[in-house]
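S.K.: below are the sequence and a predicted model for it; my questions follow.
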Amino acid sequence: MEREEWRPFLKRWSEEWISSHDPEHDHALDADVAREGWLGFAPAPAKAIARLAERLGLPLPPSLRGFLEVTDGWRDAGMFIYRLGGTAEIGFMRDMDASWIAAYGHDHGDAEYAAATGALLRRAVQISLDGDASVLFLDPDDIDDHGEWAAYELASWSGEGPQRKSSFYDLMYDLYASFHALRRPEGETRRTWDARVEEARLAALGGEIDGPLTVLTEAERFGDTRATLLADQLRTLLQNAGGRRLIHAFEDGWIHEDPVFASDLLPLMFAQHERAYPGTSDLAFLMRQGGSGSLRLMITDYRARVREPGFRIRFGNDEFDRAVHAVLDRLSAVPAFGVPKSEERRHRPGEFVVGTAPETLDAERGEARRALDEAWPAIRDAVRLWRPAGDHHIAPVVLLADPLLAQMIDQERGREILAVPRGGR
């Protein structure tokens, strides 16, 4: 990254950091930061940059050089690094703070890991001066084709070892993203991601998959919970993930207040709960957390409806729901589905009772598989009829709440569903 690119990036970072500063909980802003609106310092003189390279005995990586040409150091690089060093302060970790080497180079039961980590830290060039039990450093032995050195963040409280990025710029960008994820400041960056997420939503409804998912995944790094909600719907179908954790941001109350929660996520969570190891499902998590009164009421109400005789999952808007249930009604006539195998024990559709003769099991499984394969084109074609429940809904993941459809829709078919233009697109 050149000097001309660093300046606007760091200026925006400064503005957003200052605008999100909380005087009641954060340390006070430096007077010159408040006055100038700049977390950095004056540019490093060319001679100072040359002296740093000479002192290290190494040519500096381009992104670090470009950074120093804009600012000779930096304050508040993310939430846990309080100060980056300038040209006179950067040096080898073994000279600046060998306690990291002692802690992570010591054999705690994995001699190979300790040896590799110790060697990395002994050659590391430390670029941070102060942090919350955290340190940033570069590896001068790990150089790419552009001359960039691998860059690392290491935090003793994380429970993890050094976290690698491909360059100093990539490390700074990641710290910037983590600041956004934790603080969610208003400003140009947030407006840009709001616009890109909306574009990705519309593209996904039009049948695009990988491009929108890439955008949504990147927006997640910046703490965009709408992007998480949308991306999780794509990932759920792409991974046939009827058992994966659906949403990682339940603390954001708007998620369970949004129509997509009641229409798709709650039915799928109940299905997960039936299949999951006790206590590990999203539904179990929500019940442990307690949540708001409205959330508890939704769970209680849905549980009561599931237990009612004749309960049927609703798959969405009327036209789509009728089309899907027409397929399921045809499948229910297949002997392998929906017929109790024992007077003592009723089973879910497609479930086979222990003790059934092997030849009978094989025949029933083959019959079930053929029936599901024959029914698949009708489900795929019905997707064109589907309409989202709201602006945070881009895929009919509720299909996986039905045990037969969960068997039918593998990863390849999940991708086929997402490739169908839907929602009137």
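M.R.: Received it, and whenever you're ready, just let me know what you need. The shown structure was predicted, so the numbers you read here are calculated from the model rather than taken from an experiment.

S.K.: tally of neighbours for Glu319?
M.R.: Around Glu319 there are 12 other residues, counting by other CB atoms under 10 Å. For every residue, glycine as well, the C-beta is placed using N, CA and C.

S.K.: list the contacts of the helix or strand hosting it.
M.R.: Per DSSP states H and E, Glu319 falls inside helix 318-332. Outside of helix 318-332, the residues within contact range by CB atoms under 8 Å, 6 or more residues apart in numbering are 312, 314-315, 337-338, 349, 371-372, 375, 378-379, 382-383, 385-387, 396, 399, 402, 404-405.

S.K.: what's the answer for stretch 377-387, then?
M.R.: Against stretch 377-387 from outside (CB under 8 Å, 6+ apart): 316-317, 319-320, 323-324, 326-327, 396, 399, 405, 408-409, 413, 416-417, 420-424.

S.K.: coming back round to it: which of the contacts of helix 318-332 are buried?
M.R.: 314-315, 337-338, 349, 371-372, 375, 379, 382-383, 385-386, 396, 399, 402, 404-405 (16 or more other CB atoms under 10 Å).

S.K.: re the thing from before, which ones among the contacts of helix 318-332 map onto helices?
M.R.: Of the positions in the contacts of helix 318-332, Ala371, Leu372, Ala375, Ala378, Ile379, Ala382, Leu404, Leu405 sit in helices, assigned by DSSP state H.

S.K.: what is the nearest of those to Leu52?
M.R.: Leu52 lies nearest to Leu405 out of those, by CB to CB, at 61.4 Å.

S.K.: surely that closest one is in contact with Val398?
M.R.: No. Between Leu405 and Val398 there is no contact under CB atoms under 8 Å: 9.2 Å.

S.K.: what about Pro185, distance to Arg221?
M.R.: As judged by CB to CB, to the nearest Å, Pro185 and Arg221 stand 15 Å apart.

S.K.: biggest strand in the protein by residues?
M.R.: The longest strand of the chain (DSSP state E) is strand 134-143.

S.K.: neighbouring strands - and their directions - for that strand?
M.R.: strand 125-126 (antiparallel), strand 149-155 (antiparallel) (DSSP bridges).

S.K.: ok, which of the ones you listed comes nearest Met298?
M.R.: strand 149-155 (37.6 Å).

S.K.: mind showing which ranges of the stretch 251-400 of the chain have poor pLDDT?
M.R.: For the stretch 251-400 of the chain, applying pLDDT under 70 flags the ranges 251-254, 276-280, 289-292, 338-362.

S.K.: same check on the stretch 1-150 of the chain?
M.R.: Confidence mapping of the stretch 1-150 of the chain against pLDDT under 70 gives the ranges 1-3, 107-109.

S.K.: just put the strands paired with strand 134-143 in TSV and tack on mean neighbour count and distance to Gly66.
M.R.: Shown next, in TSV, are the strands paired with strand 134-143 (neighbours: other CB atoms under 10 Å; distance: least, CB to CB, whole Å):
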stretch	mean neighbour count	distance to Gly66
strand 125-126	22	16
strand 149-155	23	13
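
S.K.: Pro59 is nearest to which of those strands?
M.R.: strand 149-155 (10.1 Å).

S.K.: who does the following helix or strand past the closest one pair up with?
M.R.: Downstream of strand 149-155, the next assigned helix or strand under DSSP H and E is strand 163-165. Take DSSP bridges as the rule and strand 163-165 pairs in its sheet with strand 149-155 (antiparallel).

S.K.: just the C-alpha atoms of the partner strand, please, in PDB.
M.R.: Extracted in PDB, the C-alpha atoms of strand 149-155 (Å, rounded to 0.1, in the frame of the first residue of the first chain):
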ATOM      1  CA  TRP A 149       6.400  -9.600   5.500                       C
ATOM      2  CA  ALA A 150       3.900 -11.800   7.300                       C
ATOM      3  CA  ALA A 151       2.300  -9.900  10.200                       C
ATOM      4  CA  TYR A 152       1.000 -11.200  13.500                       C
ATOM      5  CA  GLU A 153      -1.200 -10.300  16.400                       C
ATOM      6  CA  LEU A 154      -0.700 -12.200  19.700                       C
ATOM      7  CA  ALA A 155      -3.000 -11.700  22.700                       C
END
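
S.K.: off-centre distance for it?
M.R.: Taking CA atoms, centre = their mean, to the nearest Å, one finds strand 149-155 lying 21 Å from the centre of the chain it belongs to.

S.K.: which other residues reach that strand?
M.R.: Contacts of strand 149-155 (CB under 8 Å, 6+ apart): 61, 64, 80-81, 100, 104, 120, 124-125, 131-140, 142-144, 161-168, 170-171, 174-175.

S.K.: let's see that with 7 Å instead.
M.R.: Strand 149-155 is contacted from outside by 61, 80, 100, 133-140, 142-143, 162-168, 170-171, using CB atoms under 7 Å, 6 or more residues apart in numbering.

S.K.: how about the strands in the stretch 301-425 of the chain?
M.R.: Applying DSSP state E, counting those that start in this stretch to the stretch 301-425 of the chain gives no strands.

S.K.: hang on, the earlier thing: are any of the contacts of strand 149-155 buried, and which?
M.R.: 61, 80, 100, 134-140, 143, 162, 165, 167-168, 170-171.

S.K.: so His146 versus Leu84, what's the distance?
M.R.: Applying CB to CB to His146 and Leu84 gives a distance of 21 Å.

S.K.: can you check Ser128 too?
M.R.: For Ser128 relative to Leu84 (CB to CB), the value is 6 Å.
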